[in-house]
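Asker: pasting the structure only:
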């Protein structure tokens, strides 16, 4: 008899939502949900989470988790084999402000980062979600204006779901 609670195959998907607000909180732009490339490093970490003791890999080393986001100005097509942005801008690295499983669903994890006025201005064409050890979890090429300015706040919400 098949197990009706667990599908025969699982698929890891990633989405990003980018919201730009004025200093008074008024929404200026909302990208809606955009599919992004899950990279092999992120996929391997998710597999370790799902198949091991929580947050521990097979070698008893802590499984890396996304710790920061970074913008870049490179071009190309994001691929699962990417290990870094095409042209990262280290000055744009920010730590995630919210992380972990989505409420009520352990198979959906989300990370949120906010670039405030003190981080701009930057013109970006790509972005990545990375763990503290530099593992690239997810990579997106700009499909909307990613520009941050000295007077806007840009919030990124990354979601990975199984």
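Answerer: Structure's in. What do you need? This is a predicted model, so every value here is computed, not measured.

Asker: for the helix or strand that contains residue 29, which strands pair with it and how are they oriented?
Answerer: Using DSSP states H and E, residue 29 falls within strand 27-35. Paired with strand 27-35 in the same sheet, following DSSP bridges, are strand 13-21 (antiparallel).

Asker: run through who's touching the partner strand.
Answerer: 27-38, 42, 127, 138, 140, 144, 146, 148, 152-161 (CB atoms under 8 Å, 6 or more residues apart in numbering). All C-beta atoms are positioned from the backbone trio N, CA, C, and that covers glycine.

Asker: of those, buried ones?
Answerer: Among the contacts of strand 13-21, the ones that count as buried by 16 or more other CB atoms under 10 Å are 31, 36-38, 42, 127, 138, 140, 146, 148, 152-161.

Asker: circling back: tell me the first helix or strand C-terminal of the strand holding residue 29.
Answerer: Following strand 27-35 toward the C-terminus (DSSP H and E): strand 37-38.

Asker: adjacent strands (with direction) for that following strand?
Answerer: Strands that pair with strand 37-38, judged by DSSP bridges, come out as strand 136-141 (antiparallel).

Asker: direction included, what does the helix or strand that the partner strand is followed by pair against?
Answerer: Counting by DSSP H and E, the next helix or strand C-terminal to strand 136-141 is strand 153-161. The strands that strand 153-161 pairs with in its sheet are strand 13-21 (antiparallel), strand 105-115 (antiparallel) (by DSSP bridges).

Asker: name the residues that touch strand 153-161?
Answerer: 12-23, 33, 36, 38, 42, 46, 66, 69, 102, 107-117, 127, 129, 137-138, 146, 148.

Asker: narrow those to those that are buried.
Answerer: 14-21, 36, 38, 42, 46, 66, 69, 109-111, 113-115, 127, 129, 137-138, 146, 148.

Asker: quick one: the helix or strand encompassing residue 71 to strand 105-115, angle?
Answerer: Assessed by DSSP H and E, residue 71 sits inside strand 66-72. Using axes from the mean of the first three to the mean of the last three CA atoms, to 10 degrees, the inter-axis angle of strand 66-72 relative to strand 105-115 is 50 degrees.

Asker: can you give me the buried ones in strand 66-72?
Answerer: 66, 67, 68, 69, 70, 71, 72.

Asker: hmm, residue 90 and the fifth one touching each other?
Answerer: Yes - because the distance of 7.2 Å satisfies CB atoms under 8 Å, residue 70 is recorded as touching residue 90.
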